[in-house]
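A.B. asks: What would the 3D arrangement of this be:
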Amino acid sequence: MMMKLLLLAAIILVKILLSKGLALVLIILSFMFKGKQLYKSTLEWNEYFLSLNDNLVWLNLQFVDIGTF
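C.D. replies: As a prediction, the model looks like this:
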């Protein structure tokens, strides 16, 4: 019984770490690719952040939170 609980805890921990890690990697990659397009133009970066769809940002935040449940 104790081994099953430890296995369950390990599976949950791995799932959380993988989902959070994947979300972080996707965010970093998206900024890396967008950074190559915009380079150091602060005006273009501001326009980019303001043009982000609220639903897209909300979905990304929800994807990150999925790993905690």
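
A.B. asks: how about the longest helix anywhere in the chain: buried residues?
C.D. replies: Longest helix of the chain, by residue count under DSSP state H: helix 2-38. Under the neighbour-count criterion of 16 or more other C-beta atoms under 10 Å, helix 2-38 has 19-20, 23, 38 buried. The way it works is simple: take the backbone N, C-alpha and C, and place the C-beta from them, glycine included.

A.B. asks: and the helix or strand that comes right after it, how far out from the chain's middle?
C.D. replies: Elements were assigned by DSSP states H and E; along the chain past helix 2-38, the next helix or strand is helix 42-51. With C-alpha atoms, centre = their mean, to the nearest Å as the basis, helix 42-51 stands 20 Å off its chain's centre.

A.B. asks: helices and strands around helix 42-51, which ones?
C.D. replies: Applying 3 or more C-beta pairs under 8 Å, 6 or more residues apart in numbering; DSSP states H and E, one finds that helix 42-51 makes contact with helix 2-38.

A.B. asks: what is the orientation angle of the helix it packs on with helix 42-51?
C.D. replies: Counting by axes from the mean of the first three to the mean of the last three C-alpha atoms, to 10 degrees, helix 2-38 lies at 130 degrees to helix 42-51.

A.B. asks: so what secondary structure elements neighbour helix 2-38?
C.D. replies: Helix 2-38 packs on helix 42-51, helix 54-66, going by 3+ C-beta pairs under 8 Å, 6+ apart.

A.B. asks: chain center to that helix, what's the gap?
C.D. replies: 7 Å.

A.B. asks: Distance check, the spatially most central residue of the chain against Leu8.
C.D. replies: Nearest residue to the geometric centre of the chain (C-alpha atoms, centre = their mean): Ala23, 2.6 Å. Ala23 sits 23 Å away from Leu8, taking C-beta to C-beta, to the nearest Å as the criterion.

A.B. asks: And for Ser30?
C.D. replies: 33 Å.

A.B. asks: Please apply the same query to Leu43.
C.D. replies: 51 Å.
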